[in-house]
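Novice: My questions are about this predicted structure, shown below with the sequence.
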Amino acid sequence: MGYQVLARKWRPKCFADMVGQQHVVQALSNALKQNRLHHAYLFTGTRGVGKTTVARIIAKCLNCETGITHEPCEKCSACTEINAGRFIDLIEVDAASRTKVEDTRELLDNVQYSPTKGRFKVYLIDEVHMLSGHSFNALLKTLEEPPPHVKFLLATTDPQKLPMTVLSRCLQFHLKNLTIEQIAGQLDTVLAQEHLPFEAPALQQLARSADGSMRDALSLLDQAIAHGDGNVSLDTVRAMLGTIAPSHLYGIIEALINKNAQAIYEQIQSLCEHGVDFSHVLEELLGLLHQMTLLQVLPNVNSSLFADNETPRTLAKQLTAEQLQLYYQIAILGRRDMPMAPTPRSGFEMTLLRMLAFYPETTTGEGSGGGSTGNHSTAHKPAASSASSSSSASSSSAATTLPTTGSAQAATHTADSSQTQTRSSAQTHSATANQPKNQAPTQTPASAYTQTPPKAPTPTPSTATQPMSQTASQQQASSATRPQSRTTRQAQAQISSPPQDQAATQKNAAAINTENWEAILPHLKLSGAALAVAQHCTLQSITDHLVTLQVASGQIPLINDRLTARFQEALTLALGRELRVEFKITATQETTPAQKQAAAQESRQQQAQSAITQDKNVQAILNTFGATIIPDSVEPT
């Protein structure tokens with residue numbers, strides 16, 4: 001007898017030999033013990049997990065000469081013939097090659113006859129999803145009510161393609177993918193029985209490449225034995241599979257940690273010399289990043305992704321959780337874009353260079369009272385000059401006298417007690433921000449603003465082409481130091497603004513028609529959801545300190561404390577006095593600005609359509625060619 005491949009030689013012959021699938025084995029064993037047998041079984045799962053093997057074991061259990069049992073004897077003629085594939089009452093059908101309805105009818109013509117030798121006539125239909133629709137229809141009646149001596153065993157890798165009428169007539173079992181540990185353990189047993197030397201890490205590599213399939217793992221083991229001349233070593237397996245040593249991946253991670261582009265390029269050159277598949281290298285890199293993240297979160301976990309856990313644990317300590325998540329996401333996107341790259345190497349290189357370019361840095365901002373803004377992951381930026389840092393720190397200290405939340409009125413009252421000092425610091429920083437980077441900041445004495453009104457800073461060459469108001473400069477300088485709320489920035493702008501700007505604001509506020517909501521709306525600097533709600537409101541009343549707006553019930557889900565605060569800030573700035581906003585639901589709402597705008601748009605649309613229709617040239621075309629005007633294609637100018 002010639003050589004028999006390991007996948008066939010080590011096919012399980014009884015339930016005790018099955019690796020994994022205990023949920024299926026237990027259910028079938030109990031059913032056989034109690035003689036509670038279904039007439040049709042459906043086994044689903046990916047390739048190489050044991051669907052056909054389980055079906056053949058059931059056939060032996062049903063036809064063993066010792067009786068119906070969950071442990072066939074493996075000695076009687078029925079068991080030996082089933083193992084050899086020549087039992088006459090086990091009819092195995094490959095549905096992929098017999099898809100026609102004529103084949104199914106021919107198969108069912110013999111169902112009515114009793115088994116020739118065994119206790120049951122077993123029909124094993126593999127890849128049953130390949131049958132045509134007419135074949136399934138021809139099978140339905142027999143599958144639902146077969147003769148007592150007939151059992152149907154169906155196997156498929158794609159149960160979604162089976163009609164529901166077939167699924168409802170079968171007892172379905174789903175076989176799961178095998179774990180890396182289960183596959184590696186079985187390979188260990190096989191090589192021990194075959195008396196062949198091996199290395200345990202090599203079996204782990206084969207088990208990962210098998211992707212949950214025991215048959216694929218045994219086939220790869222056959223190939224590894226031949227490739228290594230009977231010795232299954234890690235180097236042999238890596239050379240056969242085209243994988244790389246973890247040291248290359250560790251070198252890439254170390255280069256990313258050190259931000260060493262030259263080292264990354266040298267690693268890629270080394271990979272090219274080994275002739276590796278860069279898409280596979282990217283998958284290995286994703287696995288390493290995954291393992292490092294696990295070791296960060298669960299330091300005591302023993303990951304099976306790599307045989308060595310100490311080096312990934314050491315590397316994980318040198319990176320933050322944010323950095324690992326960023327690298328993993330970039331690698332995922334790089335794997336997705338790899339087919340679109342000019343070459344696999346260029347796609348891999350760009351992925352690593354993207355990791356290097358977006359290397360996150362941890363920056364910390366400090367506020368009053370010892371508080372900090374926390375760590376923020378930002379793109380890599382060059383270090384700021386010492387003069388700019390000093391100026392930013394001064395502005396940050398001045399800004400901390402203002403509250404970070406609350407209304408504009410609270411911010412104004414808080415700042416009034418130290419208005420002279422705050423105005424001095426803000427003006428000093430504003431002048432510094434407007435100067436070129438190579439020019440030292442101008443020191444302005446605080447007393448200059450305590451006696452006379454402040455003057456706007458003189459524009460420098462860097463800002464001559466794009467003027468910036470004193471308020472905008474101050475806001476820009478403050479935001480560069482630490483995040484601030486909208487209320488804080490607006491209150492700070494009001495405090496530091498010169499008297500002439502305040503007079504201009506009051507003049508503009510006096511020019512607004514407060515009786516007409518449509519007249520107020522253009523002066524409110526609202527956007528997004530706040531603007532949408534404002535366009536669907538109507539003004540009920542406005543007093544010195546309260547604005548009452550009517551809204552329909554459909555707008556209520558959009559109204560919250562944050563949106564109300566935005567309304568109050570916008571109205572306070574536009575009308576020049578502190579205002580509070582209240583929303584009231586109304587069933588009979590007046591015409592809103594949005595409705596008026598829609599009506600005006602509809603009127604313009606009708607006028608445009610009327611103009612097109614009455615045009616003599618258009619009428620001539622319509623009459624000559626029998627054409628029609630598509631209303632949606634007409635747009636008003």
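Specialist: Okay, I see it.
Novice: For the stretch 451-600 of the chain, which segments are assigned as strands?
Specialist: 537-542, 546-551, 580-585 (DSSP state E, counting those that start in this stretch).
Novice: quick one: the helices in the stretch 501-637 of the chain?
Specialist: 517-520, 528-535, 561-575, 593-614, 616-625 (DSSP state H, counting those that start in this stretch).
Novice: if you compare those helices, which one is most tucked away?
Specialist: helix 561-575 (a mean of 19; mean count of other C-beta atoms under 10 Å). C-beta here means a position set from N, CA and C on the backbone, and glycine is covered the same way.
Novice: hang on, the earlier thing: relative to Leu62, which of the strands of the stretch 451-600 of the chain is closest?
Specialist: Judged by C-beta to C-beta, the one of the strands of the stretch 451-600 of the chain that comes nearest to Leu62 is strand 580-585, at 72.3 Å.
Novice: Off-centre distance for stretch 533-545?
Specialist: Offset of stretch 533-545 from its chain centre (C-alpha atoms, centre = their mean, to the nearest Å): 42 Å.
Novice: Likewise for stretch 208-215?
Specialist: With C-alpha atoms, centre = their mean, you get 26 Å for stretch 208-215.
Novice: One more: stretch 521-537?
Specialist: Taking mean C-alpha positions (C-alpha atoms, centre = their mean), stretch 521-537 and its chain are 33 Å apart.
Novice: May I see the strands of the stretch 451-600 of the chain arranged in a markdown table, with distance to Ser209 as well?
Specialist: Formatted as a markdown table, the strands of the stretch 451-600 of the chain follow (distance: least, C-beta to C-beta, whole Å):
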| stretch | distance to Ser209 |
| --- | --- |
| strand 537-542 | 64 |
| strand 546-551 | 62 |
| strand 580-585 | 63 |
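Novice: got TSV for those, with mean neighbour count too?
Specialist: Converted to TSV, these look like this (neighbours: other C-beta atoms under 10 Å):
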stretch	mean neighbour count
strand 537-542	18
strand 546-551	18
strand 580-585	15
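Novice: Please identify which of these is closest to Lys9.
Specialist: strand 546-551 (77.6 Å).
Novice: Neighbouring strands of the closest one in the sheet, and parallel or not?
Specialist: strand 537-542 (antiparallel), strand 580-585 (parallel) (DSSP bridges).
Novice: what does it rub up against?
Specialist: The contact list for strand 546-551 (C-beta atoms under 8 Å, 6 or more residues apart in numbering) reads 517, 533, 536-542, 559, 567, 571, 579-586, 589-590.
Novice: would you put the C-alpha positions of that strand in PDB?
Specialist: The C-alpha trace of strand 546-551 is given here as PDB (Å, rounded to 0.1, in the frame of the first residue of the first chain):
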ATOM      1  CA  LEU A 546     -35.500  87.800  29.000                       C
ATOM      2  CA  VAL A 547     -36.100  86.600  25.500                       C
ATOM      3  CA  THR A 548     -39.100  84.200  25.000                       C
ATOM      4  CA  LEU A 549     -39.100  82.100  21.800                       C
ATOM      5  CA  GLN A 550     -41.900  79.900  20.500                       C
ATOM      6  CA  VAL A 551     -41.000  76.600  19.000                       C
END
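Novice: just for the protein, where's the confidence low?
Specialist: Residues of the chain meeting the criterion pLDDT under 70: 1, 302-308, 359-511, 514, 588-589.
Novice: any chance you could map the strands in it?
Specialist: 40-44, 90-94, 121-126, 150-156, 171-174, 361-366, 372-378, 537-542, 546-551, 580-585 (DSSP state E).
Novice: Distance to Asp632 added to those strands, as a markdown table?
Specialist: As requested, those are arranged in a markdown table below (distance: least, C-beta to C-beta, whole Å):
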| stretch | distance to Asp632 |
| --- | --- |
| strand 40-44 | 50 |
| strand 90-94 | 56 |
| strand 121-126 | 55 |
| strand 150-156 | 49 |
| strand 171-174 | 51 |
| strand 361-366 | 52 |
| strand 372-378 | 46 |
| strand 537-542 | 30 |
| strand 546-551 | 31 |
| strand 580-585 | 35 |
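Novice: quick one, which of those strands is nearest to Ala27?
Specialist: strand 171-174 (7.0 Å).
Novice: Leaving out chain neighbours, which residue sits closest to Ala608?
Specialist: The shortest distance from Ala608 to any non-neighbouring residue, by C-beta to C-beta, 6 or more residues apart in numbering, is to Pro636 (4.0 Å).
Novice: most centrally placed residue in this protein?
Specialist: Gln329 (8.6 Å; C-alpha atoms, centre = their mean).
Novice: OK, contacts around that one?
Specialist: Counted by C-beta under 8 Å, 6+ apart, Gln329 has zero contacts.
Novice: for Val101, same thing?
Specialist: Going by C-beta under 8 Å, 6+ apart, the list of residues near Val101 reads 132, 134-135, 137-138.
Novice: ok, now with 10 Å
Specialist: 131-139 (C-beta atoms under 10 Å, 6 or more residues apart in numbering).
Novice: same deal with Glu349?
Specialist: Counted by C-beta under 10 Å, 6+ apart, Glu349 has contacts 264-265, 268, 278, 334, 341, 343.
Novice: switch to 7 Å and redo it
Specialist: Ile268 (C-beta atoms under 7 Å, 6 or more residues apart in numbering).
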